[in-house]
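# Let me see the structure of the following:
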Amino acid sequence: MLFELSYTVGESLLRGAPSIDWDHCFAEAVKRQSVYFDAHPPGQLGQADKVIAETVGRNLWRNLSDWGRTRNEPLVIRPAIPGFEWVSSGQGDFSLGRTLIEVKNTVKRFSAADYRQVAIYWLLSYASAIEGRDEEWHDFILFNARSGELVSMTYDAFLKVISSGRTKVEILQLFQTLVGNRTDQR
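Next comes the predicted model:
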């Protein structure tokens, strides 16, 4: 829940809010967290929660704003992630041009699940690009707004490491066999 609160604080600052509207940020964080079935929103927001959420939210705002200025590209909040077969479309965290930015907020280092997430997001964008609907993601940034750590990599370099020598088309074909509609073979 504290991550969602930090994220909404950062997002409101990115949208140009002159100050933090804690009631709005808290309500938005509860709304976002409620999509998870096991979520239990806290009854109230403590001062320590506000300090942490503001620190992390401002770190998020500062870094994303700096990257946008450096790259001279507009920041997109919650960019569209296309669907494929039965995989529904969704939203990422942020993007700058063709750079996907996924935000984490943990004391741990980035995990295999984090890298799988950005790999799947690329795969969905690639399938959509082949169909002529969208552009393929070019690179990604995994950013830990809590610690300030980040990993930035082009998808071509990333795929070279994880694809076992497969081409992009072969990766997509393999993915399609895994998620494709199959008839029941009884």
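
# Pop the domain breakdown of the chain in here.
2-72, 77-179 (automatic domain parsing).

# worst average pLDDT in these?
In terms of average pLDDT, domain 2-72 trails the rest of the domains of the chain, at a mean of 87.

# Now do the contacts for the residue lying closest to Pro79 once chain neighbours are set aside.
Distances taken as CB to CB, 6 or more residues apart in numbering put Ser95 closest to Pro79, at 4.0 Å, once the chain neighbours are dropped. Any C-beta I mention is one placed from the backbone N, CA and C, and that applies to glycine too. Contacts for Ser95 (CB atoms under 8 Å, 6 or more residues apart in numbering) come out as Leu75, Val76, Pro79, Ile101, Trp137.

# tell me which residues form a beta bridge with Ser95?
Val76, Leu100 (DSSP bridges).

# Tell me which residues are up against the longest helix seen in the chain.
Taking DSSP state H as the criterion, the chain has its longest helix at helix 47-71. Helix 47-71 has contacts (CB under 8 Å, 6+ apart) with 2-3, 5-14, 20, 22, 25, 42, 74-75, 94, 96-97, 99, 101, 103, 105, 141, 143, 145-146, 148, 150.

# Pull out the buried residues from it.
Counting neighbours by 16 or more other CB atoms under 10 Å, one finds that the buried residues in helix 47-71 are 49-50, 52-54, 56-61, 63-64, 67-68.

# Among the residues you listed, which one lies nearest to Thr167?
Trp67 (30.3 Å; CB to CB).

# distance of the closest one from Ala129?
23 Å (CB to CB, to the nearest Å).

# Could you do Pro18 as well?
From Pro18 to Ala129 the distance is 39 Å (CB to CB).

# Of those two, which one has the most company?
The neighbour count for Pro18 versus Ala129, taken as other CB atoms under 10 Å, is higher for Ala129 (15 against 7).

# Look at Ala119 and say how many residues are nearby.
18.

# you'd agree it is up against Lys168?
No: assessed by CB atoms under 8 Å, Ala119 is found out of contact with Lys168, at 11.9 Å.

# Work out the gap between the longest helix of the chain and the centre of the chain.
Relative to its parent chain, helix 47-71 has a centroid offset of 15 Å by CA atoms, centre = their mean, to the nearest Å.
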